[in-house]
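**Student:** Requesting a structural model of the entry that follows:
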Amino acid sequence: MPSEQQLSNVLSEFARTLVTDFPIQAILDHLVRRIVDVLPITAAGVTLISPDADPRYVAASDESALRYEELQTELGEGPCLAAYHTGQAVSVADLRYDPRFPNFAPRALEAGLEAVFTFPLRNGEAQLGALDLYRDAPGPLSAAALVAAQTLADVAAAYLLNAQARADLRESSDRSLDMALHDALTGLPNRTLLLERLDHAVRRGRRSGKMAAVLFTDLDRFKLVNDLHGHAVGDELLVAVARRLTLALRPGDTLARMSGDEFVILCEDLDDSAEVDAIAARVVAAVSAPFVLSAVKVDVTASVGIAFSGRGDELSEQLLRDADTAMYQAKRGGGARHQIVDLREQDRTARRASLEQDLRGALARGELRAVYQPIIATGDGRITRAEALLRWDHPSRGSVAPTLFIPLAEQSGVITGIGRWVLDRACRDRLSRRKTGQTDDLNMSVNVSADQLMAPDFTATVAAVLSGADTDPTMVTLEMTESVFVQDTERALVVLKELKGLGVRLALDDFGTGYSSLTYLKRFPIDIVKIDQDFVADLERDEASYSIVFTVIELAHLLGMTVVAEGVETIGQHEQLVALGCDFCQGFYFARPMSADDLHTLIQLPDSTETVNPPALIPAAPS
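**Tutor:** Take a look at the predicted model:
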């Protein structure tokens, strides 16, 4: 029987380790050995038992204890199992005379066991297993020893529960960390982990003098896969791509998924940039082979952009941006290829972004202006129409080409506000002409983008501008290209009918260069067809262009429409258009774009009311 001091010492000893991270196996091994020291027994063991699994031996003071516990599992019978199932301590003071274990007792006696005392390991109402005490001589344990043994069993249960809680916490923490650093779909490292590894690679490159490279990989036409087959197939494709890319890389390379269909490969310890060419070629080839998925076969390709660390002197984020830039350069080159970043193009991209930012405030700063190009009546040479054209005078860059800043305005979303300003400016410049006593027969044409036309309040905006500038709607023509019909045909038809209800005229600009042109002529309420300058340019030397212009004029006239030829630059083109019966001409042969004041002056010249005399119409200072 242990003394109270001995038991207190053991309990204090193990209480101090209960809240530590000491290995549970070592603690329990020490516990069973200390139990043998303080109780009148020869061996001890701890067994874990669960309903659907064999007993698991987590501690044994010596080989005999392990042998006795394994024997109970083999026979499916014994005091350990009884204590677990009943939740009560089991005392067998003499195995020779206890009838409860007829199979276990003979085998245990043969192995040298004479008495056994087992105590349940409790977790509330549930049982975890048992603490088993063995003796090689018969005889009972005293009541105090039994109480002490159950107390030690409770200590062992507390250790086991504490260890399981720590293990669960570590597993949860590891799982959370893994989820935070890996892509849920493919299991690849995500952006966070990639940037961490990239930063390490750049620092290592500084020490080793070797390069690192980033390959930014994007699938070509992946959106089409999602649109045709659904996102489930798209996800399956991404997983298959991740597997193929992994096989194409070297051991030690990092493959990460950034987002969507973007994958990034980090290649370290490069002696020469040529090594990356081979890797990139394998990547492109791996993706180009057809993917046979569970429900469909899919063909895609990949564009790969490459950027190098410059032997450790580039920041990780910048390296990633450079590779992304190179990837888009590869896409613009047709896709299914790899491209090393072109810093000259990157510089152009930066300048373009700066220009876009400047454009956002250009209107408020008064940097935009409208100029007007006369449209000449083919029959009598009179100027009864003019097209309003937008110009941007940048304070440091000078005059910015419309072919550059108009697309920027459309992409950045400022075209709607700028477009309204141009329409208002054209109407007010026309009004100023009328206030000077000139005749009120000048029709102003203003270009309209697809974004403007599709805006929910566009018709109301046009009506408000016309009313504010006291302008007759019939003296305004809105010009648009066929792209407005492609974006949303039904919506475009509704808006055009609303505009016709206001009284404005509608012109189809750049006719012949778009899509289903004849369909649009038939279906939409178009008043004017403007023949694209590409056909006019070849009118004198190309039979096909001549035939197209002839056909367009004839067809438009049959449909009751007026025809304007754009880009007229020679007397020969003008004479051909006169012969073909074209209604109006526009181009540098007659006049370049000019200010509103110059236009009003030009219209008053005597030559402008008779057969056109081109030299008299060309302004001295073209705008």
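**Student:** And the longest helix along the chain, what's buried?
**Tutor:** Secondary structure of the chain per DSSP state H: the longest helix is helix 143-181. Neighbour-count burial for helix 143-181, with 16 or more other C-beta atoms under 10 Å as criterion, is recorded at 145-146, 148-150, 152-163. Using the backbone N, CA and C atoms, a C-beta is placed for each residue, glycine as well.
**Student:** Which stretches in the stretch 101-250 of the chain count as helices?
**Tutor:** With DSSP state H, counting those that start in this stretch applied, the stretch 101-250 of the chain shows helices at 104-111, 143-181, 191-208, 222-229, 231-248, listed in chain order.
**Student:** Which one of the ones you listed lies nearest to residue 586?
**Tutor:** When those are compared by C-beta to C-beta, helix 222-229 sits nearest residue 586, at 39.6 Å.
**Student:** Convert the C-alpha atoms of the closest one to CSV, please.
**Tutor:** Coordinates of the C-alpha atoms in helix 222-229 are reproduced here as CSV (Å, rounded to 0.1, in the frame of the first residue of the first chain):
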residue,chain,number,x,y,z
PHE,A,222,-10.6,29.1,-71.1
LYS,A,223,-13.7,31.3,-70.9
LEU,A,224,-15.1,29.6,-73.9
VAL,A,225,-14.8,26.2,-72.1
ASN,A,226,-16.8,27.5,-69.2
ASP,A,227,-19.4,29.1,-71.5
LEU,A,228,-19.8,25.9,-73.6
HIS,A,229,-19.5,23.2,-71.0
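**Student:** what pLDDT, on average, does it get?
**Tutor:** Predicted confidence along helix 222-229 averages 90 (mean pLDDT).
**Student:** what angle do that helix and helix 231-248 make?
**Tutor:** Relative orientation of helix 222-229 with respect to helix 231-248: 140 degrees, computed using axes from the mean of the first three to the mean of the last three C-alpha atoms, to 10 degrees.
**Student:** Tell me which other helices or strands helix 222-229 touches.
**Tutor:** helix 231-248 (3 or more C-beta pairs under 8 Å, 6 or more residues apart in numbering; DSSP states H and E).
**Student:** Show me what the mean pLDDT comes to for the next helix or strand after the helix it packs on.
**Tutor:** Secondary structure here is assigned by DSSP states H and E; on that basis, the next helix or strand after helix 231-248 toward the C-terminus is strand 254-259. Per-residue pLDDT values across strand 254-259 average out to 93.
**Student:** so strand 254-259 versus helix 231-248, what angle?
**Tutor:** Direction vectors for strand 254-259 and helix 231-248, defined by the same axes, to 10 degrees, enclose an angle of 160 degrees.
**Student:** List the pairing partners of strand 254-259 within its sheet, with orientation.
**Tutor:** The pairing partners recorded for strand 254-259 under DSSP bridges are strand 262-270 (antiparallel).
**Student:** Could you give the average pLDDT over the strand it pairs with?
**Tutor:** When pLDDT is averaged over strand 262-270, the result is 91.
**Student:** Format the CA atom coordinates belonging to it as PDB.
**Tutor:** What follows is the C-alpha trace of strand 262-270 in PDB, where atoms were taken according to Å, rounded to 0.1, in the frame of the first residue of the first chain:
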ATOM      1  CA  GLU A 262      -3.600  31.700 -64.300                       C
ATOM      2  CA  PHE A 263      -0.700  29.500 -63.200                       C
ATOM      3  CA  VAL A 264       2.800  30.700 -62.100                       C
ATOM      4  CA  ILE A 265       6.000  28.700 -62.200                       C
ATOM      5  CA  LEU A 266       9.000  29.700 -60.200                       C
ATOM      6  CA  CYS A 267      12.300  28.300 -61.400                       C
ATOM      7  CA  GLU A 268      15.400  28.800 -59.200                       C
ATOM      8  CA  ASP A 269      19.100  28.300 -59.400                       C
ATOM      9  CA  LEU A 270      19.400  29.100 -63.100                       C
END
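**Student:** Now do it: everything it contacts.
**Tutor:** Outside of strand 262-270, the residues within contact range by C-beta atoms under 8 Å, 6 or more residues apart in numbering are 188, 194, 197-198, 201, 204-205, 208, 210-218, 241-242, 245, 249-250, 252-258, 275-276, 279, 283, 308, 320, 323.
**Student:** Tell me the secondary structure at residue 526.
**Tutor:** coil (DSSP: H, G, I helix; E, B strand; the rest coil).
**Student:** Assign the residue lying closest to it once chain neighbours are set aside to one of the three secondary structure states.
**Tutor:** Using C-beta to C-beta, 6 or more residues apart in numbering and skipping the chain neighbours, the partner closest in space to residue 526 is residue 508 (5.0 Å). Going by three-state DSSP, the secondary structure assigned to residue 508 is strand.
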